[in-house]
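**Student:** Predicted model and sequence follow; I will ask about them next.
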Amino acid sequence: MTTSTLPKALLAIALGFFLAGALSTGLFAQSKPKAPDKAPAKAADKEPVKGPPQAPPKMSGQGPDGTIAVVDMGKAIDASSEGKSLNGKFGAEYEKTRTRLNDKGKDLERRANEFNQNQASMSEKDRESKRVALTKELEAFDKETEKANQDFRATVEKGMLPLYQRAEKVVQDLAKKGNYLAVVENGTDNAVLFSGPGIAVVDITNEVTLGLDGKKK
């Protein structure tokens, strides 16, 4: 008599991501905010500017040749009041879904183990019928976890996007205020690994959080 063991691989409850990663930069890999464009130069035939050109006002930490700002957008958003509130809301939804799927997966595992242990005493017809039915349930469960993953990602992305867009606006305002050469998102391939001796690098992550909360440094 031949037996057919049900695959346990289908029992894995893998929503595919951790909450902390989902609520930070992983979900929001959008185009980085750009520094403001420089004003166009005046044509040579225009009236000459009187007096020496004025240098832009220097901020703390600004280098003689300019300043590059770095920002960790995920950290700035998560530390804001609204970010904390949204994290709590989505965390509760995540835990509810995780618990439901975990309970369902354990029940399927129990029934699959019972089948694997008792199938030798079953008739061939009964054994095949139960094997097909359980396999379908396991495959459906695998699809359910995948859909839960996709739905949760979509919910978080939709809920967090307005806050992320506000953070981009705060970055743009800080870029204008600081007259930065560029603003680079920290932790990406564009991270500043080296700058010339005349260029300073400042971290504006905390200032972005303050801006989201309507506060000034």
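**Tutor:** On my side now, so go ahead.
**Student:** residue ranges with poor pLDDT in this structure?
**Tutor:** Across the chain, the stretches falling below the confidence threshold (pLDDT under 70) are 1-65, 187-196, 216-217.
**Student:** please redo it, this time with the cut-off set to 50
**Tutor:** When the per-residue scores of the chain are filtered using pLDDT under 50, the ranges that remain are 1-61, 63.
**Student:** For it, which segments count as helices?
**Tutor:** Assigned by DSSP state H, the helices in the chain fall at 19-22, 73-79, 81-118, 124-178, 205-212.
**Student:** can you put the ones you listed in JSON lines and add distance to Ile199 and mean neighbour count?
**Tutor:** Heads up, the C-betas are built off the backbone N, CA and C, glycines and all. Rendered in JSON lines, the data for these read as follows (distance: least, C-beta to C-beta, whole Å; neighbours: other C-beta atoms under 10 Å):
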{"stretch": "helix 19-22", "distance to Ile199": "32", "mean neighbour count": "15"}
{"stretch": "helix 73-79", "distance to Ile199": "22", "mean neighbour count": "21"}
{"stretch": "helix 81-118", "distance to Ile199": "31", "mean neighbour count": "14"}
{"stretch": "helix 124-178", "distance to Ile199": "13", "mean neighbour count": "15"}
{"stretch": "helix 205-212", "distance to Ile199": "19", "mean neighbour count": "20"}
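**Student:** Which one of those lies nearest to Glu185?
**Tutor:** helix 73-79 (5.7 Å; C-beta to C-beta).
**Student:** Now do the closest one: which elements does it pack against?
**Tutor:** Counting contacts by 3 or more C-beta pairs under 8 Å, 6 or more residues apart in numbering; DSSP states H and E, the secondary-structure elements packed against helix 73-79 are helix 81-118, helix 124-178, helix 205-212.
**Student:** go again using 7 Å as the cut-off
**Tutor:** Contacts defined by 3 or more C-beta pairs under 7 Å, 6 or more residues apart in numbering; DSSP states H and E place helix 73-79 against helix 124-178, helix 205-212.
**Student:** contacts for the last one?
**Tutor:** Applying C-beta atoms under 7 Å, 6 or more residues apart in numbering, the external contacts of helix 205-212 come out as 71-72, 75-76, 79-80, 82, 166-167, 170-171, 174, 216-217.
**Student:** now those in JSON lines, with distance to Val202?
**Tutor:** Converted to JSON lines, the contacts of helix 205-212 look like this (distance: C-beta to C-beta, whole Å):
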{"residue": "Val71", "distance to Val202": "10"}
{"residue": "Asp72", "distance to Val202": "13"}
{"residue": "Lys75", "distance to Val202": "15"}
{"residue": "Ala76", "distance to Val202": "14"}
{"residue": "Ala79", "distance to Val202": "18"}
{"residue": "Ser80", "distance to Val202": "20"}
{"residue": "Glu82", "distance to Val202": "25"}
{"residue": "Arg166", "distance to Val202": "21"}
{"residue": "Ala167", "distance to Val202": "17"}
{"residue": "Val170", "distance to Val202": "15"}
{"residue": "Val171", "distance to Val202": "13"}
{"residue": "Leu174", "distance to Val202": "10"}
{"residue": "Lys216", "distance to Val202": "16"}
{"residue": "Lys217", "distance to Val202": "12"}
